[in-house]
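>>> generate coordinates for the sequence data below:
(3 chains)
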Amino acid sequence: MTALVRRALLSDYFVLGLCVLYAAVVVPFTPSFLSVGNGTNILSTLFPLLIVALGQMAVLITGGIDLSATAVIGLTSIVGAMAINDETGWLAGSPLATPSGVVIMLAIGAAVGMFNGLAVARSGMPPFMVTFASMTGFSGLAVWLTHSKAINALPSAFVVLGGRTGVAFGIALAVAGFAHLMLSRSLLGRWLYAVGHNPRAALISGVPVSGVVVSAYVVSGFLAALAAVLYTGQAETGSPVLGQRIFLDIIGATVIGGTSLSGGKGKVLWTVFGVLFLKLVDNSMNLLNLSIFTITMAKGAVILLAACLDSARARLGTP
Amino acid sequence: MKSTLLTLTLACVALLVGCDKSDTPAPAATNGHLTIGVAFETLQTEYWVAGFEAIRADLKQRGDTMLEAVSDSDANRQLEQVKNLITRKVDGIILVPKDAKTCLPMIKAANAANIPVVLFNRPADKSDARSVAIVADNLALTRETVGYLVAEARKAGKKVKAAVLLGDLGDINAVGRRDGFDAAVKGQEDIIDVVARIPTEWNQEKAQAGVVNALQANPDIGLIFSSSDFLFPSIVSALKSVGKYHKTGEPGHVLLGGFDGDATAYQMLKDGYLDATGVQDVYFEAAQSMQAILDLRAGKTVPEVIRDPGFVIHRGNLAEKSAQMWGARVAAKK
Amino acid sequence: MIPALQFDGIEKRFGNVPVLRSVSFQLGAGRTLGLVGENGAGKSTLMNILGGNLAPDAGQIFLHGAPHAPAHPTDAARAGVAFIHQELNLFTNLSIAENLFLTAFPRMGGVLIRRREMLDRAAALLELVGLAADPGAPVERLTPGERQLVEIARALGSDARLIIFDEPTTSLSAREMNALFSLMAKLRARGLAMIYISHILEHVHQLCDDLVVLRDGVVAGQGGVNDFTASRLVSLMVGREVDQLYPRRTSPPTDEPILEVHGVCEPGIVRDISFTLHRGEVLGISGLMGAGRSELARILFGLDPHAEGEVRLNGGSLLGASPRCHIKRGLAFLTEDRRHEGLCLNASIADNLALVSLPHYARPPLGLLDLRRWREAIRGIREAVRLSPQARDTQPVKTLSGGNQQKVVLAKWLLARPAVLILDEPTRGVDVGAKQELYRIILDLADQGTGILVISSEIEELIGICDRIIVMNRGTLCAEFLRPEFDREKLLAAALLKDPSA
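Numbering: from 1, shown residues only, chains lettered A, B, ... in the order given. Predicted coordinates:
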């Protein structure tokens, strides 16, 4: 029994198992949980969350945290919409509006990430403070740009990007696959873990620690912007406050998956399962007609549970 | 430790499932009763809670089932929730959207599923998405409220300096109220002199700082109108700090008017500090929302915008109207 | 006479692995007992049982004749058992006096601390341990050796009747070590019973009355300290004959310079350091703690800045470059702080082994690693350093013993095939068996032509493996000895010289 529990806890598929178990428990109460419509619905919001969570994971692996991810979503959403909307956009009506809009958004995301990364690596300030400041600053900038107004009338090609679940699936699959390859098989991936485990030892061993840290934040900013493309397409609207409230979901999903807040640990597959579990809980509780207060509390409990599991695993991993 | 863990897991699952056994949603109505999805953007102010509860009470009275969803100010989450409601084949959706634009894909999705959508107190932008909005007539109601204040000033027979607190002008409601104020003071320049227009962006700190500044520039301000009642605590504290917070009829009283009809306003009216406020009739709005859904289902033509005329409440009609004032009911519950 | 401490048939298993098997011995009142054994022999487990951190599966402990079965460390402390660890347990932000009375502040009415009384009692204790410091001073201002004295004072202040010293000299300078030893002699004269755990056998011989040797959880030998010669002790610990702790070189050093240091200065740290390291040479740097040895190594490796001077590797200048560039040009640096600077403790053995040489296995454009070559290299280097074969590649490196951890650090540098290897305290906290293996690896490297610069506080070790020893004293080089001139006394004298310029 003990050995079995141990193996289960340490398995990569533990959270997937939890998902299945959870679904099995919930289905009798909410028959529509398993319907095709609900499945697509879960997936359509799962993909963008997965993408931004993968970026966050890269930063968490280095032992940092990127609080500015949500600000990047809002900022890139509104700037993208300002650039390409059919009414007042700088690129309105151009056939290149959609691709250029996406490129602009991704570039801004990467630039914000670069700013965070350089500030963390060069100044030695704690990542929490650096990204907290940039979260405040960039979300303020996003709101200031249009005085809090949202912009719609986006080109239909752009709306398809995020609006069609199939397209979002393709993007998320590509991102997750590439992230998995890079994290598990590439030099940069191994360096991310090393920096997270012990930046001092990594530096002495010749790891370009500053560069690795900067690239983690760039990845986070870039992926947050990519998620913003999907979110904006879904809402058919660019809004400076898009994604403002999803930080708990981002951190929750990565931590539930097993990524450690103290650095050095995290896998793409874990985060995929973490996002899935969080979305299942969220969605099923909606279906159960629970109030927002109950849902928020339950989510908090789930994340706390994940943190307990994390420390339990850490202890099990080292007999 | 491992057993503790197991217990924890089980307890958590039990918690999630056990939270609400009684309220498992019924599938679409069979015996004439309807299932209505109610999706609110937020429940963080008293006004929205009052609206939410009014709808709940109305549905209960009709014997209908309510499926609720609150999106915590997240447009994408609200989209997911509305799609959720559609998946569950609700008979109608009452929606408080995050803003006028992000709700369009939601309305379109409901249109495609042939489910009527009513926007509660927050209209959508013009588009090919079909919905019905129930909104307070901000302009008319504000004009009437400010008109009452002007009449009171005229009774005193002395010219007063006035300040107005404006809302976030990206919000159509705030614009309506500003226009209502302007309409009411137009042509009354002999008795009203508007010396301060304070932008608050619906922010209490900004409101407080704005009022303090205005009172410094013009210590003799005699009339303040706030575009929303929820700013009153800031106004009161600014007035108190310069010793100008007095009851109606006492010397030095500043005429106060507001909009919404919340519990604070009710208390201030009862205590004699507030002169008038324009009340949004949430009970009327709730009943109209449901009526619109029924009419749409019956294939009747329903106007795109249904106006809630609201009413002005003041010392003169407080006893008579307070039962209809949502803030009074909230205050009674407290 | 009742013994101060008696272990009677102590057994302990972790899972299916027996760690202690019927361990029985006693410690006479007022005597000092040396407890020696390799890492993993069961010393720590036994001490954890004595200290209340672990419960034995069988057997009994008697403390001054009374049964001792602590359920918690505080029980053991209350029974008068105190531990002085290698990792110190002081609150550096609090004052010395506050640390001394942390669990038993002299209080007024149960709440308020009587500050005056606390300071007076602290001063008395500090005098007893021979530490001339203000009891109100914060602990962070003290050197490691002084902190250790504070720990001992704390033990004495809580009326300890048995003190266990676990590797107490690890971070002490020679002077501090002598102070510690004379304090221990004083305590022994006062009739205090002590257990002394150390890898440094000459200290054990110097300090202890009796010896117990543990090997694989069994008492492999016990008796009066004079019954054990050094070589017998090592054989008992390792379980086989260790013919020679310091292996022989097979080929002599060349006179081909590889690392040239000219006039390196950094104000307040080092002054005008010049020396040349040759291919295939093992050059030792001796000196006291604080003489600037580790600081010099850090400057050479590019971790710390230097104001003046030049460093050339293979004829090319290394001025001001980052560690990364130094590594590319063939420099390697095993730091003295294995846990914080040498290893990623939570990462796997394989990841630690690969860290330095990883770029060799990356292929453009994405930098994907050639996993096949990588695994081969890891397998090869594991064999070369004889890493414990039971250890799996995926196991976190922190689960290894100190000796195996040090082999991992050394191996990760060897994978990068350095031309010059700087070793700072390479055998600190490593048991005798592993020490010998580390020496063999180091000397094999030198035989193959690698230049080796080794810093050590153990003079015996330097004498054992070096071709040449230079001595540092207060930031300058003050003496140089060739192998035929090696002499313990002369080396010490040079390190202790009052005026190094004389």
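>>> can you give me every residue that contacts residue C:276?
Residues near residue C:276 by CB atoms under 8 Å, 6 or more residues apart in numbering or on different chains: C:257, C:259, C:260, C:261. No exception for glycine: its C-beta is placed from N, CA and C like everyone else's.
>>> in the helix or strand hosting the third one, what's buried?
Just to be clear, that refers to residue C:260. Element membership of residue C:260 [criterion: DSSP states H and E] is strand C:257-266. Using 16 or more other CB atoms under 10 Å in any protein chain shown as the test for burial, strand C:257-266 gives C:257, C:258, C:259, C:260, C:261, C:264, C:266.
>>> now do stretch B:42-56: distance to the chain's middle.
Put simply, stretch B:42-56 sits 8 Å off its chain's centre (CA atoms, centre = their mean, to the nearest Å).
>>> now the buried residues of strand C:257-266 as CSV including distance to chain B?
Putting the buried residues of strand C:257-266 into CSV (distance: CB to the nearest CB, whole Å) gives the following:
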residue, distance to chain B
C:257, 59
C:258, 54
C:259, 52
C:260, 58
C:261, 54
C:264, 54
C:266, 51
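>>> span of stretch C:288-303 from start to end?
Using CA to CA, to the nearest Å, the end-to-end distance of stretch C:288-303 comes to 22 Å.
>>> could you do stretch C:293-307 as well?
17 Å.
>>> so what touches it?
By CB under 8 Å, 6+ apart, stretch C:293-307 touches A:203-204, C:259, C:261, C:264-267, C:269-270, C:273, C:285, C:287, C:311, C:318, C:320-323, C:325-326, C:331, C:333, C:335-336, C:422, C:424, C:453, C:455, C:472.
>>> span of stretch C:317-334 from start to end?
End-to-end distance of stretch C:317-334 (CA to CA): 21 Å.
>>> tell me how far it lies from the chain's centre.
Worked out by CA atoms, centre = their mean, stretch C:317-334 lies 26 Å from the chain centre.
>>> next: stretch B:107-121.
The chain centre lies 21 Å from the centre of stretch B:107-121; the measure is CA atoms, centre = their mean.
>>> picking up where we left off before, which other helices and strands contact the strand holding residue C:260?
strand C:270-278, helix C:293-300, strand C:308-313, strand C:451-455 (3 or more CB pairs under 8 Å, 6 or more residues apart in numbering or on different chains; DSSP states H and E).
>>> single out the most deeply packed of those.
Most buried of the helices and strands packed on strand C:257-266, by mean neighbour count (mean count of other CB atoms under 10 Å in any protein chain shown): strand C:451-455, with a mean of 25.
>>> does it reach chain A?
No. Shown here: strand C:451-455 not in contact with chain A (CB under 8 Å from any CB of the partner chain), separated by at least 15.3 Å.
>>> still on that earlier bit, any chance of CSV for the buried residues of strand C:257-266, columns distance to residue C:387 and pLDDT?
Below are the buried residues of strand C:257-266 laid out as CSV (distance: CB to CB, whole Å; pLDDT from 0 to 100):
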residue, distance to residue C:387, pLDDT
C:257, 33, 94
C:258, 28, 94
C:259, 28, 94
C:260, 34, 94
C:261, 33, 94
C:264, 35, 93
C:266, 37, 91
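>>> for residue C:9, state which of those residues is nearest.
Comparing the buried residues of strand C:257-266 against residue C:9 with CB to CB picks out residue C:259 as the nearest, at 56.2 Å.
>>> number of residues surrounding the closest residue to residue B:184 other than its chain neighbours?
Excluding its sequence neighbours, the residue lying closest to residue B:184 (CB to CB, 6 or more residues apart in numbering or on different chains) is residue B:146, at 3.5 Å. As a burial measure, residue B:146 scores 28 neighbours (other CB atoms under 10 Å in any protein chain shown).
>>> list the helices and strands the strand or helix carrying residue B:146 packs on?
Here residue B:146, judged by DSSP H and E, is contained in helix B:138-156. Helices and strands touching helix B:138-156, by 3+ CB pairs under 8 Å, 6+ apart, are helix B:172-185, strand B:221-226, strand B:255-260, strand B:276-279, strand B:311-314.
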